[in-house]
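Enquirer: sequence and predicted structure are below.
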Amino acid sequence: MAQKDLNSAARNKNDEFYTLYEDIQKELNCYFDFDNDVFKDKVILLPCDDPDCSNFTKFFVDNFKRFKIKKLISTSYAKDSNGKIFIMNSDEVKNYYLECDGDFRSDEVKNLRDESDIIITNPPFSLFREFLKWIINADKKFLIIGNINCITYKEVFPLIKENKIWLGNGMSRWISGFIVPEGYELYGSEARIKDGERIVATNNCLWLTNLEHGRRHKPLKLMTMAQNLNQSRHKIIRDQGYQRYDNYNAIEVPFVDAIPKDYDGVMGVPITFLDKYCPEQFEILGHTYAGDTTLEVEELRTDPKNRNRGLINGKIKYDRILIKRRR
């Protein structure tokens with residue numbers, strides 16, 4: 001239920017969900033451990049973070065010297081009022097009100113964006129597409145949180161396909177939960193109140209970035225097609241083998257660990273593949289989400305809205321990423 005309500009919040013523009021300190025620490029330390037200079041002499045902008053309560057702000061203040069940051073800027077939005085701004089550098093700390101409401105689209109915050117090197121935050125769910133475009137147009141390094149469904153957005157998938165952006169160090173349960181406001185019902189077995197904060201767990205969020213963290217260059221350890229047909233832990237693979245799509249010259253691979261390491265053709269794999277994607281091992285060709293693909297599709301006798309969905313024996317299969325092994 002928590003996942004359903006987070007999705008509903010995006011639709012209803014109830015976006016006051018705050019990231020847990022431990023989740024920020026877990027993700028950010030991965031980048032620092034991979035490259036100790038990743039934040040060195042950089043201007044870090046946190047454009048959706050109230051300096052008084054944001055765990056992003058708190059984390060970077062705590063690690064300002066360790067990361068050797070040049071300057072930290074944190075801003076917040078205030079409807080019908082003035083947003084806040086917090087600035088920290090090696091010489092001083094400033095905390096005052098902006099001239100505008102703090103909307104990231106305002107000229108005042110755009111100027112801060114242009115000054116920064118890296119943008120890090122959990123943006124409003126309802127403005128995710130616009131926020132990412134705001135970053136990409138400025139050609140900035142970034143690390144942000146989004147819903148897993150953002151992978152399928154036309155503003156996102158082509159960038160993933162071209163290896164211009166990628167997933168962070170984990171998806172699903174890697175983000176353990178969000179702090180929600182009073183009045184928000186706590187659903188699910190993992191919902192809790194800790195230190196006075198109301199927390200809901202979700203398995204449908206991820207980190208999206210263009211910062212290197214090393215994990216994405218670790219190839220998947222896979223078996224051959226023959227080994228999978230005989231030894232796969234998935235009964236459907238052992239019983240039915242690798243089925244072919246009616247409308248794609250590709251095979252269906254319903255589980256990431258069942259991807260054959262010796263097949264040279266096109267494969268349809270689950271969305272969760274992107275969490276294990278190594279660009280040196282595989283090439284992303286497209287996807288089978290309705291209305292958007294990069295592969296040729298034969299004319300189908302189906303509802304037009306499903307014209308690009310993968311079909312097997314005339315039945316629509318789950319959405320898939322279309323990949324091919326690199327030699």
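Expert: Arrived safely. Numbering: from 1, shown residues only.
Enquirer: need the distance between the two termini of stretch 152-162.
Expert: 14 Å (C-alpha to C-alpha, to the nearest Å).
Enquirer: run through who's touching that stretch.
Expert: 128-129, 132-133, 136, 146, 150-151, 165-167, 208, 271, 274, 284-287, 289, 292, 294, 319 (C-beta atoms under 8 Å, 6 or more residues apart in numbering). (C-beta placed from N, C-alpha, C; glycine too.)
Enquirer: give the rounded mean pLDDT of that stretch.
Expert: For stretch 152-162, mean pLDDT rounds to 92.
Enquirer: that older thread, could you pick out which of the contacts of stretch 152-162 are located in helices?
Expert: 128-129, 132-133, 136 (DSSP state H).
Enquirer: got a winner among those for most neighbours?
Expert: Phe128 (23 neighbours; other C-beta atoms under 10 Å).
Enquirer: what comes up buried for stretch 269-281?
Expert: Neighbour counts over stretch 269-281 (16 or more other C-beta atoms under 10 Å) mark 269-271, 273-277, 281 as buried.
Enquirer: from those, which two are the most distant?
Expert: Spatially, the most separated pair among those is Ile271 and Gln281, at 17.4 Å (C-beta to C-beta).
Enquirer: can you list the domain ranges for the protein.
Expert: In terms of domains, the chain is parsed into 2-215, 225-325 (source: automatic domain parsing).
Enquirer: let me see the mean pLDDT of the shortest one.
Expert: This means domain 225-325. Domain 225-325 comes out at a mean pLDDT of 84.
Enquirer: how far is that domain from where the chain is centred?
Expert: What separates the centre of domain 225-325 from the centre of its chain is 22 Å, taken as C-alpha atoms, centre = their mean, to the nearest Å.
Enquirer: likewise for the longest one?
Expert: With C-alpha atoms, centre = their mean as the basis, domain 2-215 stands 11 Å off its chain's centre.
Enquirer: specify the beta-bridge partners of Gly286.
Expert: Leu322 (DSSP bridges).
Enquirer: Lys324 versus that one, what's the distance?
Expert: According to C-beta to C-beta, to the nearest Å, Gly286 and Lys324 sit 10 Å apart.
Enquirer: what is the neighbour count of the closest residue to Asp37 other than its chain neighbours?
Expert: Leaving aside its chain neighbours, Asp37 sits nearest to Lys68 (7.7 Å; criterion: C-beta to C-beta, 6 or more residues apart in numbering). Applying other C-beta under 10 Å, we find 15 residues neighbouring Lys68.
Enquirer: ok, Lys68 to Asn55 distance?
Expert: For Lys68, the distance to Asn55 - C-beta to C-beta - is 21 Å.
Enquirer: quick check: phi and psi at Ile24.
Expert: phi -60, psi -50 (degrees, to the nearest 10).
Enquirer: check the one 4 residues further on too.
Expert: Here is the backbone geometry of Leu28 (degrees, to the nearest 10): phi -70, psi -40.
Enquirer: before we move on, what about the one 5 residues further on?
Expert: Backbone dihedrals for Asp33, given as degrees, to the nearest 10, come out at phi -70, psi -30.
Enquirer: let me see the contact set for it.
Expert: No residues are in contact with Asp33 under the rule C-beta under 8 Å, 6+ apart.
Enquirer: quick check: it vs Leu206, distance?
Expert: 19 Å.
Enquirer: do Ile193 as well
Expert: 25 Å.
Enquirer: for Thr272, same thing?
Expert: For Thr272 relative to Leu206 (C-beta to C-beta), the value is 10 Å.
Enquirer: again with Phe273
Expert: In terms of C-beta to C-beta, Phe273 sits 13 Å off from Leu206.
Enquirer: just to be sure, Leu72 is in a helix?
Expert: No - the assignment for Leu72, made by DSSP: H, G, I helix; E, B strand; the rest coil, is strand rather than a helix.
Enquirer: cheers, nothing more for now.
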